[in-house]
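K.L.:
next one to model:
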Amino acid sequence: MNRNIKKAGGFFLACAIMCVMLSGCGGSSAGDGGTKISVSNWPTSNDKVNLELYEGYLAQMNEKYPDIKVVPDTWQYDVNSFLPKAASGQLPTVFQTYFTESKKIIGAGYARDITDELKEAGYETLYNDVYMDLLRKDGRSYGIVKNGYVMGLLCNVKLFEEAGLVDVDGVPIFPKTFDELRATAKTIKEKTGKTGFYMPTINNQGGWIFCNIAWGFGAEFEKQENGKWVAAFDSDECYEALKYIRDMKWEDNSLQDDILGDASNNFIRMYASDQAAMGIQAPSTINSAIKQYGMDKDNAAVARIPEGPAMRAALLGGGVYMFSAKATSEEVKAAFKWLEITGAIPTKSEETTSAWADAAKKAAEEGRIVGYGMINVFSDEELTKAKEEAERPYVTVDPKKFMDYQGLEDVTVRPEPEVNAQELYSVFDRILQQILTDENADIKTILSKEAVDFQTKYMDNQ
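P.N.:
Okay, here's the model as predicted:
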């Protein structure tokens, strides 16, 4: 979940209508018989490393496809700027966004159906259906995958060492179950005095993280019954998940002292500065810890989210490429060629492997983790191996500290709740705050009230 994105609700849909009435498009004739396309997320002059990389891609593009003119656009997805840009028909031909936003964008009519172009190019089977299904509506495809991840358990190696919880190789002894997670957090608190497990409770991030725990207990948050959406979290399973978190606070004292904190700021700071041993997050969070707080990348390790009484579940996220609804078929095909050059669409060619290697080298130069932390998005094993080989010379971390996370065979990957996800997260922020600031808070009463309110305010309006 991108933390800067807030659900736009009815305004998002209203703008879709405006988009139809306004002129403009994401690409056009180049004026000389060729095709012109615009590309989002172009690096600015302040980002010299990435700008040099993109200029290299552009040089390759100009040489190989002189009839295609690529127009750089530094705009990056943000819901506040996206709405007016989409409504005025000024979206780039190809733009980047997130899985969490794809359904809304498709439903609002801002993304072009690229099914026919994918089939013609032979790309429709390149990507894992787990991801592509999030970019489909009524069997039609509206985007392609950029990258993917599932939430993992970030571990601070130094604090595990201080607590005597590392193996002979210095790798943390990762908790395999929720019971082990609780025991590990308690031990670290007792041995080091530092936070064993960080649980956010504000900015919708408490609810976002809590989903991963509640699913492990078998909880569901919303479901459809007879064609209507129903709030489903007033349940024994959700109660047990909340009680689990409550007990970590009031019985074990293993959570952070300041309960009113988020994951994208407070946890990262505490994790990077050896003040918090564990937290559920996207592995890319490590790069933020490195960049913002100077964390030593060798002090980072990631495991799968532990298994709960019902299952081992983790929320899915990542980036996608979508295409302006105004783009023509020729412009989409031209954009495909650009994405081939950058390695986003793999072609089993030297160009693709070179692009992967260049991106890995650039990330390594910036001090980021390379080679681990993202999961395979391709359905083709040869492509997966080729990407790994291209990145191998630039791997920056000890694979042993990340291999547990990479083994996702027994993880149930879940998308975010389908409707009113942000509002749902806000509800659980509020619930978590109550039970973690008041030892005597009645979880069942709170759950029941919040479920009724959520049903009335949101589910009944679907």
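
K.L.:
so what's the spatially most central residue of the chain bridging to?
P.N.:
The centroid of the chain falls nearest to residue 317 when counting by Cα atoms, centre = their mean (3.0 Å). Counting by DSSP bridges, residue 317 forms beta bridges with residue 149.

K.L.:
can you pull the pLDDT of it?
P.N.:
For residue 317, the model assigns a pLDDT of 84.

K.L.:
begin at 37 from now on, thanks
P.N.:
Okay, residue one is now 37; in that scheme the one you just asked about reads as residue 353.

K.L.:
which residues touch it?
P.N.:
37, 134, 135, 136, 184, 185, 186, 187, 318 (Cβ atoms under 8 Å, 6 or more residues apart in numbering). Every C-beta, even on glycine, is put in place using the N, C-alpha and C of the backbone.

K.L.:
what helix or strand is the residue nearest to residue 385 when sequence neighbours are not counted located in?
P.N.:
In space, and not counting its chain neighbours, residue 385 is closest to residue 376: 7.9 Å by Cβ to Cβ, 6 or more residues apart in numbering. Per DSSP states H and E: residue 376 is located in helix 365-378.

K.L.:
could you say what helices and strands the helix or strand following that helix packs with?
P.N.:
Downstream of helix 365-378, the first helix or strand assigned by DSSP H and E is helix 386-401. Judged by 3 or more Cβ pairs under 8 Å, 6 or more residues apart in numbering; DSSP states H and E, helix 386-401 is in contact with helix 84-100, helix 365-378, helix 417-427.

K.L.:
could you dump the second one to PDB, C-alpha only?
P.N.:
Extracted C-alpha coordinates of helix 365-378, given in PDB (Å, rounded to 0.1, in the frame of the first residue of the first chain):
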ATOM      1  CA  SER A 365      -3.300   1.000 -30.500                       C
ATOM      2  CA  GLU A 366      -0.100   2.200 -32.300                       C
ATOM      3  CA  GLU A 367       0.900   4.200 -29.300                       C
ATOM      4  CA  VAL A 368       0.400   1.300 -27.000                       C
ATOM      5  CA  LYS A 369       2.600  -0.900 -29.200                       C
ATOM      6  CA  ALA A 370       5.200   1.900 -29.300                       C
ATOM      7  CA  ALA A 371       5.100   2.100 -25.500                       C
ATOM      8  CA  PHE A 372       5.600  -1.700 -25.400                       C
ATOM      9  CA  LYS A 373       8.900  -1.200 -27.300                       C
ATOM     10  CA  TRP A 374      10.000   1.400 -24.800                       C
ATOM     11  CA  LEU A 375       9.300  -1.000 -21.900                       C
ATOM     12  CA  GLU A 376      11.200  -3.700 -23.700                       C
ATOM     13  CA  ILE A 377      14.200  -1.400 -23.900                       C
ATOM     14  CA  THR A 378      14.000  -0.700 -20.200                       C
END
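
K.L.:
how far does it sit from its chain's centre?
P.N.:
24 Å (Cα atoms, centre = their mean, to the nearest Å).

K.L.:
so where do the strands sit in the stretch 187-336 of the chain?
P.N.:
Counting by DSSP state E, counting those that start in this stretch, the stretch 187-336 of the chain has strands at residues 188-192, 258-261, 264-267, 314-317, 336-340.

K.L.:
so which bits of stretch 117-127 are buried?
P.N.:
118, 119, 121, 122, 123, 125, 126, 127 (16 or more other Cβ atoms under 10 Å).

K.L.:
count of neighbours near residue 298?
P.N.:
20 (other Cβ atoms under 10 Å).

K.L.:
for it, give its distance to residue 189.
P.N.:
Residue 298 is 18 Å from residue 189, where distance means Cβ to Cβ, to the nearest Å.

K.L.:
residue contacts, the residue nearest to residue 385?
P.N.:
Counting by Cβ under 8 Å, 6+ apart, residue 376 touches 382, 383, 385, 387, 388.

K.L.:
of these, which is the nearest to residue 103?
P.N.:
For the contacts of residue 376, the residue nearest residue 103 by Cβ to Cβ is residue 387; the value is 17.7 Å.

K.L.:
return the residues in contact with that closest one.
P.N.:
Counting by Cβ under 8 Å, 6+ apart, residue 387 touches 96, 376, 377, 379.

K.L.:
alright, I will stop here.
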